[in-house]
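S.K.: what's the 3D shape of this:
(chains A and B)
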Protein chains: 2
Amino acid sequence: MGVRALGLPERLPTAAGLPERVTIWEVGPRDGLQNESSVVPVEVKLEFLDRLAMSGLTTVEATSFVRPEWVPQLADAETLLERLSPLDGVRYPVLVPNRRGLERALAAGVSDIAVFASATETFARRNLNSGLDEQFAMFEPVVTRARAEGLDVRGYVSMCFGDPWEGPVDPGQVVRVGRRLLDLGCTQLSLGDTVGVATAGSVEALLDAFTADGVDVGVLAVHFHDTYGQALANTLAALRRGVTTVDASAGGLGGCPYAESATGNLATEDLVWMLEGLGVRHGVDLDALVDASVWMAGQLGRPSPSRVVRALAG
Amino acid sequence: MGVRALGLPERLPTAAGLPERVTIWEVGPRDGLQNESSVVPVEVKLEFLDRLAMSGLTTVEATSFVRPEWVPQLADAETLLERLSPLDGVRYPVLVPNRRGLERALAAGVSDIAVFASATETFARRNLNSGLDEQFAMFEPVVTRARAEGLDVRGYVSMCFGDPWEGPVDPGQVVRVGRRLLDLGCTQLSLGDTVGVATAGSVEALLDAFTADGVDVGVLAVHFHDTYGQALANTLAALRRGVTTVDASAGGLGGCPYAESATGNLATEDLVWMLEGLGVRHGVDLDALVDASVWMAGQLGRPSPSRVVRALAG
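M.R.: Here you go, the predicted structure:
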């Protein structure tokens, strides 16, 4: 049964108080596949990227230039980018953990990178092998050189709301981390609820703390996990605060392999369904996207956790 | 890992624009178990009701007085109510489809009933064996007599946003159905998205249509299904419009056996998590509720679909 038959009107005016258009930052091929226990063949990744771009997604995070022994799932980053046929108008950012990763990414000809920071001391030590303040020394040469090369640089800020070791995270601390990344030259921040504990009120509080600090909401993206079922409600709260870039993972792939209970990225299909109903333009053909996720689930040998995928593919 | 450790602050002020307190109308024992293929023993139902009430839920829909051959899962309604030890301060409404059901409910000593109406012609014919306009003739003697006996009467309005046969449903049509039920004497309406197609914007539009018609938002409850992952975002939109009664099903049990793809009631735990984070009072002990749902899932032999239950019980 198609979307239209199930009650979504053909075209709606944008609901009051929401942005007219949202950019979906698709993280499935990187954040999703990074978290798979099996290594997906590069041909499958390439077809996945093609299908996602063909569905209308304009930003598809392609891979990560981490050390292959850390994340063997993405050890084929060079081969992947070499064989990728980029679709016109689509950006394929890559994650870059350090200077060495940046050199590999530059050699591969990328034009968008992302660095991955932590909002908490404990997660910085566990995931980055660095302290909360020391992490910036690691990012500084990466961001400086990337910007000098004309690249856009996204700064992921993880554990923005809570952390399994430290509990609730003070918005002021997150703003300080984000501000440092912007000062280094990052062009966008992605505020991540890595363990899924945020609710709509804490989302609003964090966004308000950033705008009170003079940060334009236009440089803020949100990245929610559905661990406690809150991802879409949190996204709605963020849209009402003017956020126009939302991270999501096709079919709900992925999570974070280094954080307990950090399962379940927001599924891109569930996000598209909501945006469609709210009259917020997103540019994605939902049927094509569902097809891509069903196909990928078949490659992985397990069903998609996305509710929309399960409902439409059922 | 407990809730507090995962980042929910101990106590929050209510987020701006939201009600201070919400009543959760728990539908698991009726709407949930009605949709199970197996028949749950009455002893299990009684323990489930006790556990739900002990967790702090103050409204627990207990069963349905439908004809036993229609819904064999709830054929033990009389026995259940006879053996139930009601907890002080807890209401145990029952669903009553017709005059005969009401007589059975009255004989069992209930003080709260609910009738089940349709917002669409097709679903009225399929589920109620009646037309859209004719359904009121069926409800009229039920509601009149129940009110004369001093009972509270909830009117469920199903298919309020879309219907698999008719597509999108005009809010004006839903308001007319709701208005008829209120005029008959219903004391509350539960606006149901039976197939889960609503998004936040259509929720706001429907609630606005009711208030424009002079209906006090205080008599409106919302009943969302998570078929497309929208239930919690829709609930947030409804709370912002002043709704203070929200239907949910412990552990996400249930759906509607007569509507294709109508799976997945909003899980009470996911709702409680959001309310807790928003500083909206609800009176429920989440750990006790999760325990009840895990126990019930064990009785049913399958895991709970609630994300909070899976995360906290994992």
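
S.K.: helices or strands up against the lowest-mean-pLDDT helix or strand in chain A?
M.R.: Ranking every helix and strand in chain A by mean pLDDT, DSSP states H and E puts helix A:307-313 at the bottom, with a mean of 87. Using 3 or more Cβ pairs under 8 Å, 6 or more residues apart in numbering or on different chains; DSSP states H and E as the contact criterion, the elements in contact with helix A:307-313 are helix A:268-278, helix A:286-300. Just so you know, the C-beta spots here come from the backbone N, C-alpha and C atoms, and that holds for glycine as well.

S.K.: Next, the contact list for the residue lying closest to A:Ala198 once chain neighbours are set aside, please.
M.R.: Closest residue to A:Ala198 apart from its sequence neighbours, by Cβ to Cβ, 6 or more residues apart in numbering or on different chains: A:Phe161 at 3.9 Å. Counting by Cβ atoms under 8 Å, 6 or more residues apart in numbering or on different chains, A:Phe161 touches A:Pro168, A:Val169, A:Asp193, A:Val195, A:Val197, A:Ala198, A:Ser202, A:Val203, A:Leu206, B:Gly7.

S.K.: Confirm for me that A:Leu102 is in contact with A:Ala108.
M.R.: No - in this structure, A:Leu102 is not within contact of A:Ala108 by Cβ atoms under 8 Å, at 10.6 Å.

S.K.: got the residue ranges for the helices in the stretch 51-200 of chain A?
M.R.: A:77-83, A:99-107, A:121-123, A:135-148, A:171-184, A:200-212 (DSSP state H, counting those that start in this stretch).

S.K.: who wins for proximity to chain B among those?
M.R.: helix A:200-212 (3.7 Å; Cβ to the nearest Cβ).

S.K.: Spell out which residues of the stretch 151-300 of chain A are next to chain B.
M.R.: Contact residues, the stretch 151-300 of chain A versus chain B (Cβ under 8 Å from any Cβ of the partner chain): A:161-164, A:167-169, A:195-202, A:204, A:226-230, A:232-233, A:235-237, A:260-261, A:263-264, A:267, A:270, A:273-274, A:276-279.

S.K.: Show me just the buried residues among the residues you listed.
M.R.: Neighbour-count burial (16 or more other Cβ atoms under 10 Å in any protein chain shown) applied to these gives A:161-164, A:167-169, A:195-202, A:204, A:226-230, A:232-233, A:235-237, A:261, A:263-264, A:267, A:270, A:273-274, A:276-279.

S.K.: Please report how far A:His225 lies from B:Thr122.
M.R.: Distance of A:His225 to B:Thr122, computed by Cβ to Cβ, to the nearest Å: 38 Å.

S.K.: Of the two, which one has the most company?
M.R.: A:His225 (29 against 14; other Cβ atoms under 10 Å in any protein chain shown).

S.K.: gap between the more buried one and A:Leu266?
M.R.: From A:His225 to A:Leu266 the distance is 7 Å (Cβ to Cβ).

S.K.: And for A:Gln230?
M.R.: For A:Gln230, the distance to A:Leu266 - Cβ to Cβ - is 10 Å.

S.K.: Next: A:Asp216.
M.R.: Counting by Cβ to Cβ - A:Asp216 and A:Leu266 are separated by 23 Å.

S.K.: Looking at the two, which one has more neighbours?
M.R.: With neighbours defined as other Cβ under 10 Å, A:Asp216 and A:Leu266 compare such that A:Leu266 has more, 29 against 10.

S.K.: got a pLDDT number for the residue nearest to that one when sequence neighbours are not counted?
M.R.: Take A:Leu266 and drop its neighbours on the chain: the residue closest to it by Cβ to Cβ, 6+ apart is A:Ala231, 3.8 Å away. With respect to pLDDT, A:Ala231 scores 95.

S.K.: can I assume A:Ala231 is in contact with A:His225?
M.R.: Yes - A:Ala231 lies in contact with A:His225 (Cβ under 8 Å); the separation is 6.1 Å.

S.K.: hmm, back to that, overlap in contacts, A:Gln230 and A:Leu266.
M.R.: Shared contacts of A:Gln230 and A:Leu266, counting by Cβ under 8 Å, 6+ apart, come down to A:Phe224.

S.K.: Identify the residues contacting A:Pro97.
M.R.: Here A:Pro97 is in contact with A:Ser64, A:Phe65, A:Val66, A:Arg67, A:Val115, A:Phe116 (Cβ under 8 Å, 6+ apart).
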